[in-house]
Structure formats: C-alpha cells, structure tokens
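Colleague: mind folding the following:
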Amino acid sequence: MSIEQEFADKLVQYKHIIYKVCFMYADNKDDVNDLFQESVFNIWKSYKNFRGESSFVTWVYRISLNTCISDFRKKKKYDYVPLEQQVDILEDCEHNELLKEMYSLIKRLNKVDRMFILLWLDEKSYDEIAEITGTNRNNVAIKLHRIKEKLKNMSNL
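Modeller: From the prediction side, this is the model:
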C-alpha cells in the first residue's frame, strides 16, 4: 500500500475529529472548511514524521488544535469581516435545541477552554487530554472543573 493510500485511509477514519475541532474554532462554514483543509495539509506534511510515540488520534487532535489556534492568532492581528455569521451543522439533529444551546455556550468560552471541553466531550481521559495539550493531568482536572462551573453559570442552571 502506498503512503498516499495509507494516509487517505487514515483521513477517512479520523476526518470527523478534524472537522469537529475546526467547527469549534470557526465562525462560519467557509472558515470550517478552510481550517479543515489547513489541518489536513498540516497532518499530511507531518505524516512521514509520525513516530508512534502517542496514538494516531492523539497526534491528529494535536495538529488540528494547533492549526486552529494558530489561525485564530493570525486573524487577531488583522481586522476582517466574515461573510457569513453562523455555522449550523446541528439542524438535522434529534436533540437539536439542547445541542445548539450547549455549542453556543461553548463558543462563548475562550479558545483554550474550548479545546479542553471539546476533548472532554469526546470522552478523552485526563491523561490523553494532558498529552494532547502538553500539560499535566492535575492541571487538566482543575481546568475542566473550572470550565464546567463556568458553563453552568453561563446557562443559569
């Protein structure tokens, strides 16, 4: 199997993770697609250097998150007006209203808090989150506790 085919197979397997990360860091569909393409490109550039020191999914998360956060930092330097205001990938979802509310609250968090809660919602262990974010397990636990409290306060529950 060629390296290109191997990469394509892995991309099919993990594209939902990349897309979810991009969705959490974008304000409109075009930005989601741009971030997705940029993330895939960065994963492809680094693919030959993947050493297997972490799981492949952890590595994909890390590159996708770094791509999105880097893009955010670049955009902060420039004033721009998005052409479209909202992304609504939840319109066909059964639990539409609850999920919309949850994602709208998460979108109000700062970029770093979004990263932590996204990984937690994807049922990553504290150790996996620590590995992906480059922090330690105790900091992950404290950070997630604070984020959950912040989300509760934001939702007025």
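Colleague: domain assignment for this structure?
Modeller: Per the record's domain assignment (the TED database), the chain is made up of the domains 1-88, 92-156.
Colleague: need those domains in CSV (columns: mean neighbour count and mean pLDDT).
Modeller: Glycine gets a C-beta too; all of them are placed from N, C-alpha and C. Formatted as CSV, the domains of the chain follow (neighbours: other Cβ atoms under 10 Å; pLDDT from 0 to 100):
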stretch, mean neighbour count, mean pLDDT
domain 1-88, 15, 83
domain 92-156, 15, 86
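Colleague: wait, Ile69 touches Asn110, no?
Modeller: No - with contacts counted by Cβ atoms under 8 Å, Ile69 stays clear of Asn110, the gap being 10.9 Å.
Colleague: find the residues that touch each one of those two.
Modeller: Overlap between the neighbourhoods of Ile69 and Asn110 is empty, taking contacts as Cβ atoms under 8 Å, 6 or more residues apart in numbering.
Colleague: wait, what's in contact with the most centrally placed residue in the chain?
Modeller: Residue closest to the mean C-alpha point of the chain, counted by Cα atoms, centre = their mean, is Val21 at 2.1 Å. For Val21, the contacting residues are Leu35, Ser39, Tyr61, Ser64, Leu65, Cys68, Leu118, taking Cβ under 8 Å, 6+ apart as the criterion.
Colleague: distance of it from Glu149?
Modeller: Distance of Val21 to Glu149, computed by Cβ to Cβ, to the nearest Å: 23 Å.
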